[in-house]
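Asks: Fold the following.
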Amino acid sequence: MCIFVRWYLSGDDCCLYSVPSDNRSTCINLFFEVKKEKDDLKLVGDIDFEQTCANYFGMDVDKENYPHYYQTYSINYGLLVDSNGKAIIGKLGYIRLSDTNKIVSFIDSIRFIPPSLPKGVDYYLIEKNVDLISKDLELARIDRIRYEEEKIKRMEDSINIWISADSLNGNYIPFDLYDCFQQLDKLITPRDRESIINLEYSPEFDFRYRGLLVWIKDNWLTSPGKGSNTRLSVYFRGKGLESVDEMSLAITDSYYKNLRNEKVKENKIIKKIISDRTKRVQTEEKWIPKSENYDPWQADTINGKYVPKDLEDCFYHLDKFVSVKDIQALKNGEMKGENIFSIGFCEWINRDVNFDYISRLGMHLLLTEYRFNEIDRCIILEKYRIYLQKGIKNNR
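Replies: Next up, the predicted model:
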């Protein structure tokens, strides 16, 4: 089967391959031929491509698929062969080979048997994958050991950099609990401080408490691609805490006490968290079916928690426990975007009210196709704000 492809090398090409060209607007036609044979084209003289590549690098072809304790090297070529048999590299991937120039020189040194190209087609595309191994297996084993040692060393060096860095991704990382207090004092707004000190919410519905837990985990205790390796998480692991959930709990509990001028005993707080961990039975929350016909999309309760049937019902229940001052702030257009109130509110809504959209409220939102303008962190907070400002009408 033959496939003819017209390939535009403009700035917006969405190809897997790119071809060097003096004129990037040139239209290059590629000829793909799909065959069952392993090789689409042979080298001049019917020479084996893999063995020629191995000879050029002074190695053997890894035809035996040697175990992982031998060091192997892989090269994946995507080659474009012209009507004269000369190849250029369209795509190149390689593992554990550092000399890219030598790979390019190898391709320049070889010639394929000139392919037969249809009229208007400039290149014949082939893919070649070559696995190489040292001729001396003992040397290949030693190379593998050296490679693993270097990889571990690089990883250790990276971790040491992460855990000693005072900032990651532009966020300052506190070095201990009391440094956390100083940084949170800068983050917490006067409105947040007032709500915490005056205990406007019960522990279950304290949105700022929930928001702080999430914010601290995301910004101080974890980092994308680095896991929970920050200097603050290392500090708390040294105190006996294991998870970022325990660490953020220790920080938030302590900070709440600090704002209320209560005495903060760090070791006592940590000891209680560790004690609670050993007592707690590790079970995941699961839906508890009421009957064989139980359907979470229609159920009015999940895990004993009431699930609103629609937005109006949701707002009716929110009015009961969102504080008067926060309702007024939302009406006034305050607390938009990312803040500890919105983070906590949306975390609670998504987890304990909407159950990650696997609920009758989630079904209602999906079926009615409400527009989300991203004024707030989540759609329900955005719609609740509009409801407070304008009423339930025109809330689409």
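
Asks: State whether residue 128 is indeed within a strand.
Replies: Yes. Counting by DSSP: H, G, I helix; E, B strand; the rest coil, one finds residue 128 located in a strand.

Asks: Is it bridged to anything, and to what?
Replies: residue 77 (DSSP bridges).

Asks: pLDDT on stretch 54-66, on average?
Replies: Mean pLDDT, stretch 54-66: 87.

Asks: Sorry, slip of the keys, the one I care about is stretch 363-378.
Replies: Here the average pLDDT along stretch 363-378 is 83.

Asks: can you check stretch 298-305 too?
Replies: Stretch 298-305 comes out at a mean pLDDT of 85.

Asks: That stretch: which residues count as buried?
Replies: 299, 302 (16 or more other CB atoms under 10 Å). Glycine gets a C-beta too; all of them are placed from N, C-alpha and C.

Asks: Quote the end-to-end distance of it.
Replies: End-to-end distance of stretch 298-305: 14 Å, with CA to CA, to the nearest Å as the criterion.

Asks: Please apply the same query to stretch 192-207.
Replies: Stretch 192-207 end-to-end distance (CA to CA) = 10 Å.

Asks: Name the surrounding residues that touch it.
Replies: The contact list for stretch 192-207 (CB atoms under 8 Å, 6 or more residues apart in numbering) reads 188, 208-209, 256, 259-260, 321, 323, 325-326, 339-341, 344-345, 348.

Asks: 6 Å instead?
Replies: 208, 256, 259, 260, 321, 323, 340, 341, 344, 345 (CB atoms under 6 Å, 6 or more residues apart in numbering).

Asks: likewise stretch 99-111?
Replies: 43, 44, 56, 85, 87, 89.

Asks: Count the neighbours of the third one for me.
Replies: I take that to be residue 56. 16 (other CB atoms under 10 Å).

Asks: Return the distance of it relative to residue 44.
Replies: 15 Å (CB to CB, to the nearest Å).

Asks: Let's see the pLDDT reported for residue 13.
Replies: 30.

Asks: May I have the secondary structure class of residue 90?
Replies: Residue 90 - assigned by three-state DSSP - is strand.

Asks: can you put the contacts of stretch 99-111 in CSV and add secondary structure and distance to residue 199?
Replies: Shown next, in CSV, are the contacts of stretch 99-111 (DSSP: H, G, I helix; E, B strand; the rest coil; distance: CB to CB, whole Å):
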residue, secondary structure, distance to residue 199
43, strand, 80
44, coil, 84
56, helix, 75
85, coil, 81
87, strand, 74
89, strand, 67
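
Asks: Which among those count as buried?
Replies: 43, 56, 85, 87, 89.

Asks: low pLDDT regions in this structure?
Replies: Residues of the chain meeting the criterion pLDDT under 70: 1-40, 98, 155-163, 224-228, 280-294, 392-396.

Asks: need the helices for the stretch 201-350 of the chain, in chain order.
Replies: Ranges of helices in the stretch 201-350 of the chain, per DSSP state H, counting those that start in this stretch, are 207-216, 231-237, 244-259, 266-279, 311-321, 324-331, 340-348.

Asks: Before I go, just wanted to say thanks for your time.
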